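Student: what's the 3D shape of this:
(chains A and B)
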Amino acid sequence: MENTSRWSRIKTYWNQPKHVGYLFILPSLIALLIFAFIPVVIGLGMSFFDVNIFFNGTKFVGLQNFVHFFSDTRAVNSIWHTVYFTVLETPVQILVGVLCAAALARNTRFNRFCRSTFYIPVVCSLTAIGLVFNMLLDPNIGLFPHLLKEIGMTSPDFFGDAHWAMPTIAFLTVWKSFGVTMIIMLTAVQAISPSLYESAEMDGASRMQQFFHVTIPQCVPALGFCVLTNLTGSMQVFDQIFVTTGGGPNFKTESTVQYIYNRGFAAPYELGYASTVATVLFVIIAILAVGSNLYMTHKENQMR
Amino acid sequence: MKTHSWKKLSVLAIAVLAALSLTECGNSNKSSSGSSSKTTTITFWNGFTASDGTNLKKIVADYNKTNKDHVKVKMDQMSWDNFNEKLPTAITAKKAPDFVAMNYGDMAGYVHNGTMKDMSNFYNYKGVDKSNFEKSAVNMGKINGKSYFIPMQVQGNYLYWNKDLYKKAGINPNSKVKTIAQYMNYAKRIKALGNGVQGTYWSDFAQWSLVYGGSILNKSETKSTINNAANRKVLNQFRQMMYVEKLGNPSTQGVAVDNLMFAGKLGLEVSGPWLNEGMIKNKINYGVTQFPTLEKNGKKQAWLAGVGFGIPSSTDDSKTKAIYSFVKYWNSKKISKRWSQENKCAPYLKDVAADKQIKNDPVISELAKQTSYSKVMWSGNVHASDITNNVITPMCNKVVTGSDVNTQLKLADKKINKILKDNN
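Tutor: Below is the predicted model of the structure:
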């Protein structure tokens, strides 16, 4: 009897709207705790140790790994390569996504077809796409260089030339992922009240003016989300580089995550130092994420 | 309010514990290997995934069917990259397989960390004749005087050529390259054919260095000696062939070079025995010979590499006998010969090398020649992979794309010394 009343008290407590929300976020919280928070804390802790993957001869080295990081040109360069990739990829992806969303906002059959087509690469494996691009752009047996040669043009070595490799990887990534930005922005564009466009039209605003003064300001929250997720995603770039260039030529496309992988999960298996590089990357991403979030919130407030 | 917070926290804690215990349930230690009263099951990891993987699978199946020691081998094949990612973490998590087949270059790191068992007593196992093994093959698995790895396969650097491209370039298709100068001459003539055909590519620096009389480390392997005149000549040769004469595209490497060979678009390539499989599969009219010497009739020199069987230290001693049973089976004349014939590998067992069929096979007999004179490089040196992957290969990559040889050698010298100093 007492058990029943206790059970009903628990049920009543958790059925209240202000409490039930915690239950809804509980699975995500648990997942975050296990797969994000705990590994981050452990990684941070490990960055102060000289530890290999076998956990053999582990010793506390304090800040030594961090000091080593700043004198390790390959590590510092990997940060620059990652930033370079982000600078190339994020703005283009946002721009293409926004333009496509604006152009395909109306629900015509053609637009729906285009949306689906543009979204197809998103569901494809990045590894498979990397391999396909690798074959298409191969200077010896690739279709694209062959076609260029057929029309009398010299084909650059897309993945082999240090100047072309990173832009090519950024292009591949934009092509694969802009569908996500497009869909998010499309949802935001379609939620804009038509009355705003009608008012703008009555005021004599051109399509371009409507885009910049109605569409964009109304989409700032969605835009902010896209910028944030893109930025953090680009700073963690790995798969496409691993598959296409492996970090080459001459480490010119080696991203920070790839360097972490090469240090921690290949000889010399320096898990402690790899954790140090991961910690540095984490701090950079955190600064960028908080910075962009603050900026977008500020913009959002300005628009109100 | 305070009570409510505690309640929420308790619920959260219970949920976390429940999730953790569920995770634990999922990972419950279902020993991958177990033994019934009659059969001992042993798990085996390796990185053979191409047609050699299929051949290996058949050999394991045959062993499982025919062995009288009541042993069952359960094999897991993965790419070598995957193998090298999985094995260290599996060893740390005490989930390692009972035995593995591992590349020679990676062995020392595992032994240095105390994760591999001494297998020296395998050579005393009933029916094993140590004198039948080529000394170089046995030495390959020796670290600090102990045998941690028993040979499974040996490999060296061989020069492959496309006979059809030779013909087109006006070269006798059966002409075996003897010297480096001849090699370069042929590569230039083939490159001159145009139409996307490449002459050759740079290859294993250590092999070239050996032939040119250079060295990378001092005798005690405590200091770099890479910045020497012979290595300068090697790098100048690489720079000349790739950057100046453009005998091949400097950005094409590894498997992509093999693919060019398989597409009939490459004249000459220095590679391991695995190239044979692709050549045969792609019906390339080819020949294979020893790595050339600097001068005509010069002394042939080569580094020996290969794959060996090893036992992680986590493996229960009760399984050693079962593992030895399989390794002995592998190193029997019948199986070793079969492996050599199916995969076109050089034999390392003397009775296999002396076999008539092996001697009459033009490819295997050519590869076999190298086993007798080749030697093991940096046996047991824990820095071997690090130096090769993170210093030598990047140095060569820089040189073949036009960087100054002296600058790169100095830089490599500094980096190698740093690796040796940091870890000693």
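Student: please count neighbours and contacts with C-alpha atoms only from this point.
Tutor: Will do.
Student: SS state for the residue in chain B positioned nearest to chain A?
Tutor: Of all residues in chain B, the one sitting closest to chain A is B:S251 (4.7 Å; C-alpha to the nearest C-alpha). What DSSP: H, G, I helix; E, B strand; the rest coil gives for B:S251 is coil.
Student: so for it, what's the nearest residue that isn't a sequence neighbour?
Tutor: What sits nearest to B:S251 in space, not counting adjacent residues and going by C-alpha to C-alpha, 6 or more residues apart in numbering or on different chains, is A:G160, at 4.7 Å.
Student: how many other residues sit next to the one you found?
Tutor: As a burial measure, A:G160 scores 24 neighbours (other C-alpha atoms under 10 Å in any protein chain shown).
Student: from memory it sits against B:T252, does it?
Tutor: Yes - the criterion here is C-alpha atoms under 8 Å, and A:G160 meets it with B:T252 at 7.2 Å.
Student: can you tell me how far B:K281 is from B:L159?
Tutor: Going from B:K281 to B:L159 by C-alpha to C-alpha, to the nearest Å gives 18 Å.
Student: looking at those two, which is more packed in?
Tutor: Neighbour count, other C-alpha under 10 Å: between B:K281 and B:L159, B:L159 has more, with 19 against 9.
Student: what helix or strand is that one located in?
Tutor: strand B:158-162 (DSSP states H and E).
Student: cool, B:D76 as well?
Tutor: Counting by DSSP H and E, B:D76 is found in strand B:71-77.
Student: what does that strand contact?
Tutor: For strand B:71-77, the surrounding residues in contact (C-alpha atoms under 8 Å, 6 or more residues apart in numbering or on different chains) are B:39-49, B:53, B:57, B:60, B:64, B:322, B:325.
Student: buried residues, the lengthiest helix in chain A. List them.
Tutor: The single longest helix within chain A, with elements called by DSSP state H, is helix A:271-303. The neighbour-count check on helix A:271-303 (16 or more other C-alpha atoms under 10 Å in any protein chain shown) flags A:271-282, A:285, A:288-289, A:292-293, A:296, A:300 as buried.
Student: show the average pLDDT along it.
Tutor: Mean per-residue pLDDT for helix A:271-303: 91.
Student: on contacts alone, who are the packing partners of it?
Tutor: Here helix A:271-303 touches helix A:38-46, strand A:49-50, helix A:64-71, helix A:220-234, helix A:256-264, going by 3 or more C-alpha pairs under 8 Å, 6 or more residues apart in numbering or on different chains; DSSP states H and E.
Student: nearest approach to A:E150 belongs to which of the ones you listed?
Tutor: Among those, the nearest to A:E150 by C-alpha to C-alpha is helix A:220-234 (35.3 Å).
Student: give the buried residues for the closest one.
Tutor: A:220-228, A:230-232, A:234.
Student: again, but for stretch A:53-69
Tutor: Within stretch A:53-69, the residues scored as buried using 16+ other C-alpha under 10 Å are A:I53, A:F54, A:F55, A:N65, A:F66, A:F69.
Student: quickly name whichever of those is closest to chain B.
Tutor: Closest to chain B, out of all of the buried residues of stretch A:53-69 and judged by C-alpha to the nearest C-alpha, is A:F54, at 5.3 Å.
Student: isn't A:N230 up against A:V92?
Tutor: No - counting by C-alpha under 8 Å, A:N230 sits too far from A:V92 to count as a contact (10.6 Å).
Student: picking up where we left off before, for chain B, find the nearest of the helices and strands packed on helix A:271-303.
Tutor: helix A:256-264 (9.4 Å).
Student: who are the packing partners of the closest one?
Tutor: Helix A:256-264 sits against helix A:73-103, helix A:271-303, with contacts defined as 3+ C-alpha pairs under 8 Å, 6+ apart.
Student: centre of the chain to the first one, how far?
Tutor: A distance of 9 Å separates the C-alpha centroid of helix A:73-103 from that of its chain, computed with C-alpha atoms, centre = their mean, to the nearest Å.
Student: most centrally placed residue in the chain?
Tutor: Since no chain was named, I'll use chain A. A:G233 (1.8 Å; C-alpha atoms, centre = their mean).
Student: wrong one, chain B
Tutor: Nearest to the mean C-alpha position of chain B, by C-alpha atoms, centre = their mean, lies B:N103 at 4.5 Å.
Student: check contacts around that residue.
Tutor: B:A305, B:G306, B:V307, B:G308.
Student: quick check on the residue of the stretch 51-200 of chain A found nearest chain B: phi, psi?
Tutor: Closest approach between the stretch 51-200 of chain A and chain B, counting by C-alpha to the nearest C-alpha: A:G160, at 4.7 Å. The phi/psi pair for A:G160 (degrees, to the nearest 10) reads phi -100, psi -20.
Student: state the distance from it to A:K149.
Tutor: If you measure A:G160 against A:K149 using C-alpha to C-alpha, the figure is 17 Å.
Student: B:K167: which element?
Tutor: Per DSSP H and E: helix B:163-168 holds B:K167.
Student: now do the helices in the stretch 151-300 of chain B.
Tutor: B:163-168, B:180-191, B:205-211, B:229-239, B:255-262, B:275-281 (DSSP state H, counting those that start in this stretch).
Student: average pLDDT across the second one?
Tutor: Per-residue pLDDT values over helix B:180-191 give a mean of 96.
Student: where along the stretch 251-400 of chain B do the strands fall?
Tutor: B:268-271, B:286-290, B:303-310, B:375-376 (DSSP state E, counting those that start in this stretch).
Student: okay, those strands in a markdown table with mean neighbour count and mean pLDDT next?
Tutor: Shown next, in a markdown table, are the strands of the stretch 251-400 of chain B (neighbours: other C-alpha atoms under 10 Å in any protein chain shown; pLDDT from 0 to 100):
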| stretch | mean neighbour count | mean pLDDT |
| --- | --- | --- |
| strand B:268-271 | 24 | 95 |
| strand B:286-290 | 22 | 95 |
| strand B:303-310 | 24 | 93 |
| strand B:375-376 | 20 | 88 |
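Student: kindly report the residues of the stretch 1-150 of chain A close to chain B.
Tutor: Selection of the stretch 1-150 of chain A residues close to chain B by C-alpha under 8 Å from any C-alpha of the partner chain yields A:L26, A:I30, A:I53, A:F54, A:F55, A:N56, A:N140.
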